[in-house]
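I need the structure of the sequence given here:
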Amino acid sequence: MSWGSTAAQQSPLDQVRMQQPGAIVEQIAAARRRANLRFRLIFALTWIVVIGGLVLAVGSTGTVNLEIVNDWAPYILGGVPMTIFVAIVSIVLAVFFAILGALGRLSRIAPIYALATLYVSLVRGTPLIVQIIIVYLGLPQLGIVLDPLAGGILALSFNYGAYMTEIFRAGIQAVPRGQIEAAQSLAMPPSLTMRRVVLPQAIRIVIPAIGNEFISMIKDSALVSYVTIQELFWRAETVGTTYFQMFTTLLIAAGVYWAMTIVFSFFQERLEQRMRQSEVRL
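Presented below is the predicted three-dimensional model:
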């Protein structure tokens, strides 16, 4: 029997075994790339079909006023910088409140632990919109008058700080005990150990969670429109009520909020990937 006929009678598994290891690895990698490409194409096609169907369905009802979209969309989009500004400043202050709350929740001093626990319980037990209105309308009755922008940012950061307190507490507790013991062996005081050793590592651990909270805050920032801050939702609502086209203007605002969350989610995923890669290198 000739060699050609013998090779033809070999099973696919025997043929794979006769190949070089490098060729097998390359074939597996190529197969994975094709599978990933096919998955992404199906994913994109599904989005296009569903979104296209929704657009056609809404457009066929005649409820979307294209003149309003053409005339007022730029004005509504002008509120995006204010929305992003409010979200960024609020998340920074929320991190500050969360660190204080987490340290208080970990404290062995009873009054400090009680105040931190009360802060978390009180804020998480009341609606955010109520807290915003209290800051805007309630505090002036006590003689504390804040600028609407400052009041809205304070309410958002104070609320999110309570929710993020438990995130930071878990992050601090996730720092290996050996790191703290090593700092103690160098005669570092507890405050310096917390500032130089524990907190930097804890913040690195909770960064993904902070990203999720920031994305949520972008959407919740719409609530500060009730204190006359001219962000995205305030502009959409104002135009909608003026021209009795709430559906059209709110549809614009919803699309912009969605686009912003997609963009920031993308950057958050890239940041998490780079952090994982750096941890592998370490």
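
average pLDDT across stretch 273-282?
Across stretch 273-282, pLDDT averages out at 67.

the helices in this structure, which residues?
3-8, 12-18, 21-61, 66-77, 80-106, 110-124, 128-133, 148-174, 177-185, 190-193, 199-220, 232-243, 246-281 (DSSP state H).

so for Gln141, which of those sits nearest?
Among these, the nearest to Gln141 by Cβ to Cβ is helix 128-133 (12.0 Å). Bear in mind the C-beta positions are built from the backbone N, C-alpha and C, glycine included.

buried set for the closest one?
Under the neighbour-count criterion of 16 or more other Cβ atoms under 10 Å, helix 128-133 has Leu128, Gln131, Ile132, Ile133 buried.

low-confidence ranges in the chain?
1-22, 278-282 (pLDDT under 70).

give me that answer again for 80
For the chain, the stretches with pLDDT under 80 are 1-25, 27, 180-181, 184, 187, 191, 272, 274-282.

report the central residue of it.
Most central in the chain under Cα atoms, centre = their mean is Asn212, positioned 2.6 Å from the mean C-alpha point.

which residue sits closest to that one in space, ignoring its chain neighbours?
Gln268 (7.6 Å; Cβ to Cβ, 6 or more residues apart in numbering).

do the same with Ile203
Gly171 (7.2 Å).

isn't the one you found up against Val206?
Yes: using Cβ atoms under 8 Å, Gly171 is in contact with Val206, at 4.0 Å.

let me know how buried Ile88 is, in neighbour terms.
15 (other Cβ atoms under 10 Å).

which ones are touching it?
Going by Cβ atoms under 8 Å, 6 or more residues apart in numbering, Ile88 touches Phe214.

where's it relative to Met217, distance?
Look at Ile88 and Met217: by Cβ to Cβ, to the nearest Å, they are 9 Å apart.

same deal with Ile84?
From Ile84 over to Met217 (counting by Cβ to Cβ), the distance is 10 Å.

of the two, give the one with the bigger neighbour count.
Counting neighbours by other Cβ under 10 Å for Ile84 and for Met217 shows that Met217 has the greater number, 20 against 16.

that one contacts Leu156, correct?
Yes: between Met217 and Leu156 there is a contact under Cβ under 8 Å: 6.4 Å.

mutual contacts of those two, please.
In contact with both Met217 and Leu156: Ser90, Ala94, using Cβ under 8 Å, 6+ apart.

neighbours around Ile153, how many?
25.

residues contacting it?
Val86, Val89, Ser90, Leu93, Val224.

report the two of the residues you listed separated the most.
The widest separation within these (Cβ to Cβ) is 13.6 Å, between Leu93 and Val224.

give me the more crowded residue out of those two.
Set side by side, Leu93 and Val224 show more neighbours around Val224, with 29 against 17, by other Cβ under 10 Å.

which ones are touching the more buried one?
Contacts of Val224 (Cβ under 8 Å, 6+ apart): Val86, Ile132, Pro148, Gly152, Ile153, Ala155, Leu156, Glu231.

quick one: the second one from Leu156, how far?
Read that as Ile132. 8 Å.

what is in contact with the two at once?
With Cβ under 8 Å, 6+ apart, Ile132 and Leu156 have common neighbours Leu223, Val224.

surely Ala209 and Glu166 touch.
No: using Cβ under 8 Å, Ala209 makes no contact with Glu166, being 9.8 Å away.
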